[in-house]
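Asks: With the sequence up front, the predicted model follows.
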Amino acid sequence: RRQLLSEVAKRKSLDLERLTFAFDLVSTRAVGASIDACALIPGVDLANHGPKANTDLSVAGTPGLRSGRATVLGHGKIWEHGSAGLVAARDLAAGEAVRISYGKYPNQRFLLDYGFTLGGENPLGDEEKEDLA
């Protein structure tokens with residue numbers, strides 16, 4: 001990745017350290033928004049990862065398409081088209097951590113993409129295995 005960033009910085013006359021910082025910032029804060037893309041959604045990256053999530057990331061409408069429609073989510077809430085946020089899967093107790101699933105990955109991927117690991121608690125272990133079949 002460093003080589004690719006170096007090539008882009010050179011081609012676009014950008015400072016490599018600033019480009020690397022910006023890339024790292026975005027890559028560790030972006031979330032998959034169930035829209036075949038990643039998005040920066042303020043506050044969502046503050047949610048803890050948990051194998052048993054108690055909230056879901058919801059996106060209303062089709063990204064990039066302004067149709068004026070709204071989306072009805074659980075509990076009778078109506079979100080304007082293009083809105084996104086966390087929706088509790090159940091009532092949360094006061095002080096309970098908000099947990100979303102960042103996916104099922106080995107620690108290597110969690111550290112690279114999100115900046116944390118699950119340590120020995122991760123059933124997939126530390127290293128990503130390449131499928132050689």
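Replies: Received it, and whenever you're ready, just let me know what you need. Numbering: from 1, shown residues only.
Asks: quick one, helices of this structure?
Replies: Using DSSP state H, the helices of the chain run over 2-12, 16-29, 107-114.
Asks: how about the ones you listed in a markdown table, adding mean pLDDT?
Replies: A markdown table is the format used below for these (pLDDT from 0 to 100):
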| stretch | mean pLDDT |
| --- | --- |
| helix 2-12 | 93 |
| helix 16-29 | 87 |
| helix 107-114 | 86 |
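Asks: for those helices, which one ends up most surrounded?
Replies: Highest mean neighbour count among these (mean count of other CB atoms under 10 Å): helix 107-114, with a mean of 17. The C-beta positions use only the backbone N, C-alpha and C, and glycine is treated the same way.
Asks: Okay, now the unreliable bits of this structure?
Replies: For the chain, the stretches with pLDDT under 70 are 32-37, 60-82, 130-133.
Asks: Dead centre of the protein: give me the residue that sits there.
Replies: Geometric centre of the chain, nearest residue: residue 31, 1.7 Å, by CA atoms, centre = their mean.
Asks: Enumerate every residue touching that residue.
Replies: If a contact means CB atoms under 8 Å, 6 or more residues apart in numbering, then residue 31 has 38-41, 44-45, 57, 100 as its contacts.
Asks: In strands only, show me these.
Replies: Members of those lying in strands (criterion: DSSP state E): 38-39, 57, 100.
Asks: Just the buried ones from the residues you listed, in ChimeraX syntax?
Replies: Only the buried members of the ones in strands among the contacts of residue 31 end up in this ChimeraX selection, burial being decided by 16 or more other CB atoms under 10 Å:
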select :39,57,100
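Asks: Understood, closing this out.
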